[in-house]
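**Student:** quick one, fold the following:
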Amino acid sequence: MGDHLATLPLLFDTATSVQRFVDTFIYVYILLIFAYVLTSLVRLPYRPWLNRMQRFLYDVCDPYLRLFRRFIPPFGPLDLSPMIAVISLIVLQQILDSVIQAVL
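**Tutor:** Numbering: from 1, shown residues only. Below is the predicted model of the structure:
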């Protein structure tokens, strides 16, 4: 019985570490989506490193955004999929935080 009490702080520490990792991962992904939207709106001059950065953002963000583009049609030049994607990430983060807190 004493062994179970000794592992309890380790469980709390692991849960908070997982929660921090999930929060940081979602926060960074939201920032990448914002950078993707900004680089798609602004016409940047051709530079090899800018092209690589845009290609990286496209490769990372576009598969996730395509999930929402299937269901949300564009309204002329306005694409609402990044906004819905960010909102769904925030909701997912809140749900995961609640689940992690419930485990504790």
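**Student:** please count neighbours and contacts with C-alpha atoms only from this point.
**Tutor:** OK.
**Student:** what's the closest non-adjacent residue to residue 101?
**Tutor:** Leaving aside its sequence neighbours, residue 101 sits nearest to residue 15 (CA to CA, 6 or more residues apart in numbering; 8.0 Å).
**Student:** so that neighbour sits against residue 98, correct?
**Tutor:** No. Using CA atoms under 8 Å, residue 15 is not in contact with residue 98; the gap is 11.5 Å.
**Student:** between those two, which has more neighbouring residues?
**Tutor:** The residue with more neighbours, out of residue 15 and residue 98, is residue 15; 17 against 12, by other CA atoms under 10 Å.
**Student:** that one: which element?
**Tutor:** helix 2-41 (DSSP states H and E).
**Student:** quick check: which helices or strands does that helix pack against?
**Tutor:** Helices and strands touching helix 2-41, as assessed by 3 or more CA pairs under 8 Å, 6 or more residues apart in numbering; DSSP states H and E, comprise helix 48-69, helix 81-103.
**Student:** what about it, average pLDDT?
**Tutor:** Confidence over helix 2-41, taken as the mean pLDDT, stands at 81.
**Student:** buried residues, that helix. List them.
**Tutor:** For helix 2-41, a neighbour-count test (16 or more other CA atoms under 10 Å) marks 15-16, 19, 22-23, 26-27, 29-30, 32-37, 39 as buried.
**Student:** closest one of these to residue 76?
**Tutor:** Comparing the buried residues of helix 2-41 against residue 76 with CA to CA places residue 37 closest, at 16.1 Å.
**Student:** how far away is the closest one from residue 97?
**Tutor:** Residue 37 is 27 Å from residue 97, where distance means CA to CA, to the nearest Å.
**Student:** what does residue 48 give?
**Tutor:** Here the distance between residue 48 and residue 97 works out to 40 Å (CA to CA).
**Student:** more neighbours, the two?
**Tutor:** With other CA under 10 Å as the criterion, residue 48 and residue 97 differ in neighbour count, and residue 97 comes out ahead with 19 against 9.
**Student:** okay but the more buried one is in contact with residue 19, surely?
**Tutor:** Yes. With the criterion set as CA under 8 Å, residue 97 and residue 19 qualify as a contacting pair; they are 6.3 Å apart.
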